[in-house]
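Colleague: With the input below, show me the fold.
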Amino acid sequence: MAASTPDTAPAAPRVKRDRTHYLYIAVIVAVALGIAVGFAAPDFAKELKPLGTGFVNLIKMMITPIIFCTIVTGVGSIRSAAKVGKLGGLALTYFIGMSFVALAIGLVVGNVLHPGAGMHLTDAAKQAGHTQAASGSEGPVDFLLSIIPTTFVSAFTGGVVLQTLLVALLVGFAVQAMGTSGEPILRGIGHIQKLVFRVLSMIMWAAPVGAFGAIAAVVGETGVEALKALGTIMLAFYITCVLFVGLVLGPVLWFVAKVNILKLLRYLGREFLLILSTSSSDTALPRLIAKMEHLGVSRPVVGITVPTGYSFNLDGTMIYLTMASLFIAEALGQPLHLGEQITLLLFMMVASKGAAGVSGAGLATLAGALQSHRPALVDGVGLIVGIDRFMSEARALTNFAGNAVATVLIGSWTKEIDRGRVARVLAGELPFDETTLLDDHQAPGTAMPGPRDGELAKA
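Modeller: As a prediction, the model looks like this:
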């Protein structure tokens, strides 16, 4: 009997991993079917949009409690408040620097390819541009004020990530100041975190349905003609995003953390599939938090870097704003000289902060920024409305990759990463638990041993 028990114990995890493997195969099949339905019956496909919207809303429902639990347990378990401030300052400095790099790359590619040359603007396109401008981005002051929730409870119901981040930091610091009397609170929040991640793992089984509805609707609404007409800007944008990830993020990741970018992207493959099928990086935010902790990055680093990066580290959005601005200016016969390009893009970098990784957010940001800075170009926004959904996918994928890389980099710079564990996880020796989305060795509400306290990764 003693020998049979160990034999049966390992079998259960294998069955669970196989089940989740089939789940993501089903997502791929659902995407293919959605594309086929979108082309074959576009009117019917448009009616399927609520399926995708419903799935995205289910995931977004879990973002606030996951961020809150992760940050409170992470911040509350470390001893120095100054350490958290240093971590946040380092993350913001990196985000701003990488935004400049992304803008520069988009600027170079846009000036080389001139993708907007030869386009023609219709009256309908002009109206679409002004419609988007009406829902454009808010000003910097309004954005800063929007971080403060109306009430303590509204931070959990408003769906604004930065409001949740602010409240979680305040609670984390408060628990930290309570000392040993705050430990029961941390343990309680840790148990809530386990429950929340278990609910998330249940929701993930609806991913094939959501992917089918989302893809079918967008293909039915867009059609192949719009893709052909605007293929140049789409192709240029996708190539630029790939170059940014491969030639900028990849070398930086290897130089700082000695991590291969391809292995990291493969580790996050299921998350990329979710983003591709829903065109929203929000659907992968909770899983990114769980996977970065599993990878070996400390909970405080993950809890601060990932939510903050979702609002401030928008590499794909920066590239999009650059290339779309140049495309519109070329299409309208009003090309911008270099000084105007730099001024406009710096303005957009400020205006874009806080734009969510949701389909359409980048387009509204573009239109709103043009309305404020160069109103004559707003008409041209309507030229890319038809393909923005497909460009939104590239934006979301690039933003997600940038935030994953940023988390590893910040962990390396602050020595809050277990390099040995990173190597084992990326080699497949420590598989991610798709059932709980948490590791048993990482007890919520306690600081991680070794490098998760900033001790081991000094080597």
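Colleague: give me the number of residues near Leu346?
Modeller: Using other C-beta atoms under 10 Å, Leu346 has 14 other residues around it. (Glycine included, C-beta is placed from N, CA and C.)
Colleague: Who are the packing partners of the helix or strand where it lies?
Modeller: In the assignment (DSSP states H and E), Leu346 maps to helix 338-352. On a contact count with 3 or more C-beta pairs under 8 Å, 6 or more residues apart in numbering; DSSP states H and E, helix 338-352 meets helix 81-113, helix 315-331, helix 361-373.
Colleague: 10 Å instead?
Modeller: helix 81-113, helix 140-146, helix 315-331, helix 361-373 (3 or more C-beta pairs under 10 Å, 6 or more residues apart in numbering; DSSP states H and E).
Colleague: Give me whichever of these is most buried.
Modeller: Here the criterion is mean neighbour count by mean count of other C-beta atoms under 10 Å, and of the helices and strands packed on helix 338-352 the winner is helix 315-331, at a mean of 27.
Colleague: Between helix 338-352 and it, find me the angle.
Modeller: 140 degrees (axes from the mean of the first three to the mean of the last three C-alpha atoms, to 10 degrees).
Colleague: distance between helix 315-331 and the chain's centre?
Modeller: On the basis of C-alpha atoms, centre = their mean, to the nearest Å, helix 315-331 sits 20 Å off its chain's mean C-alpha point.
Colleague: How about Val199, nearest residue that isn't a chain neighbour?
Modeller: Among residues not flanking Val199 along the chain, Met62 sits closest, at 6.6 Å (C-beta to C-beta, 6 or more residues apart in numbering).
Colleague: How about the contacts made by the one you found?
Modeller: 196-197, 199-200, 203, 285-286 (C-beta atoms under 10 Å, 6 or more residues apart in numbering).
Colleague: repeat for Gly402
Modeller: 95, 98-99, 102, 241, 244-245, 248-249, 309, 313-318.
Colleague: Identify whichever of the helices and strands packed on helix 338-352 lies nearest to Tyr267.
Modeller: Among the helices and strands packed on helix 338-352, helix 315-331 comes nearest to Tyr267, with 18.9 Å by C-beta to C-beta.
Colleague: now for the helix or strand encompassing Ala290, which elements pack on it?
Modeller: Per DSSP H and E: Ala290 is located in helix 285-295. Secondary-structure packing of helix 285-295 (3+ C-beta pairs under 10 Å, 6+ apart): helix 49-76, helix 183-203, helix 261-267, helix 269-278, helix 299-312, helix 388-413, helix 419-426.
Colleague: of the ones you listed, which approaches Val161 most closely?
Modeller: So among the helices and strands packed on helix 285-295, helix 299-312 is nearest, using C-beta to C-beta, at 5.3 Å.
Colleague: by contact count, what packs against that closest one?
Modeller: Using 3+ C-beta pairs under 10 Å, 6+ apart, helix 299-312 sits against helix 49-76, helix 81-113, helix 161-178, helix 285-295, helix 388-413.
Colleague: Need the helices and strands packed on helix 338-352 in a markdown table (columns: mean pLDDT and distance to Thr73).
Modeller: As requested, the helices and strands packed on helix 338-352 are exported to a markdown table (pLDDT from 0 to 100; distance: least, C-beta to C-beta, whole Å):
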| stretch | mean pLDDT | distance to Thr73 |
| --- | --- | --- |
| helix 81-113 | 83 | 13 |
| helix 140-146 | 70 | 26 |
| helix 315-331 | 83 | 28 |
| helix 361-373 | 70 | 29 |
